[in-house]
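>>> show me the folded form of this:
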Amino acid sequence: MTSTTGRSDECRGHRTPRGGFTLLELVLVMVIICTALGMAAPSLRGFFTSRQTTDAAAQIVALAQYARTSAIAQGRTFRLNVDTRQGAYWLTAQTGGAFQPLASDFGRVFRLPEGTAAVWETPEDAEARGWIVFHPDGRTEAAAIRLVGRQGSSSRVICPSPAERFRVEASGDDQ
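Okay, here's the model as predicted:
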């Protein structure tokens, strides 16, 4: 039943509480979030830099696996060239008597991330030559290359023996 003389609470100026946040509460939450991000951001910067070094090592391993597979499939010798002074690496294949860059994207020159250095660990003659050979019978040379990033993080690209594949060994600041 409706009363013609009674007025509702809304008409008398009384409001019923509604759900939601005030502007002051929202600003306070934003200040807390910004403070937390401001404290965490400097430590995340080193994470992304070390990731670039690990990604470059993984890319070198991928090129090595491609070179090994292609050497077997095509019956010709491939090389993974690593120029430690220039921070560059690329693949070449033996065509006739000379090694030529590949005509695919794998033949382009790849660059290490800025601030990352490559160091040959073994063998000594590989450093002097600047490449690793992949033979058509599936053999390769035992080799190890260490990539050292700006923050001191390092990754090793290693092939312990001629019959094994290349792999990445990540290490921290202690090595």
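>>> just the helices from this structure, written as ranges.
If you assign secondary structure with DSSP state H, the helices in the chain sit at 23-74, 124-129.
>>> what sits against the one residue sitting closest to the centre of the chain?
Most central residue of the chain, judged by C-alpha distance to the mean C-alpha position with C-alpha atoms, centre = their mean, is D55 at 2.5 Å. Applying C-beta atoms under 8 Å, 6 or more residues apart in numbering, we find D55 in contact with P113. Every C-beta, even on glycine, is put in place using the N, C-alpha and C of the backbone.
>>> per-residue pLDDT, it?
Here, the pLDDT recorded for D55 equals 89.
>>> same deal with S161?
What the model reports as pLDDT for S161 is 89.
>>> what do you get for T2?
pLDDT, the model's per-residue confidence, is 56 for T2.
>>> where does the protein have low pLDDT?
Scanning the chain for pLDDT under 70 picks out 1-17, 43-50, 123-127, 171-175.
>>> list the helices and strands the longest strand seen in it packs on?
If you go by DSSP state E, the chain has its longest strand at strand 88-95. The helices and strands touching strand 88-95, judged by 3 or more C-beta pairs under 8 Å, 6 or more residues apart in numbering; DSSP states H and E, are helix 23-74, strand 78-83, strand 98-101, strand 110-111.
>>> mind redoing it with 6 Å?
With contacts taken as 3 or more C-beta pairs under 6 Å, 6 or more residues apart in numbering; DSSP states H and E, strand 88-95 sits against helix 23-74, strand 78-83.
>>> next, the residues that contact stretch 109-116 from outside, please.
Stretch 109-116 has contacts (C-beta atoms under 6 Å, 6 or more residues apart in numbering) with Q52, T53, A56, G87, A88, Y89, W90, L147, G149, R150.
>>> what's the angle between the longest strand of the chain and strand 78-83?
150 degrees (axes from the mean of the first three to the mean of the last three C-alpha atoms, to 10 degrees).
>>> mind putting the helices of the chain into a markdown table with distance to P113?
Output for the helices of the chain, formatted as a markdown table (distance: least, C-beta to C-beta, whole Å):
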| stretch | distance to P113 |
| --- | --- |
| helix 23-74 | 4 |
| helix 124-129 | 21 |
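>>> out of these, nearest to A118?
Taking C-beta to C-beta as the measure, these were each checked against A118, and helix 23-74 came out nearest at 8.6 Å.
>>> and stretch 99-112, end to end?
Counting by C-alpha to C-alpha, to the nearest Å, you get 23 Å between the two ends of stretch 99-112.
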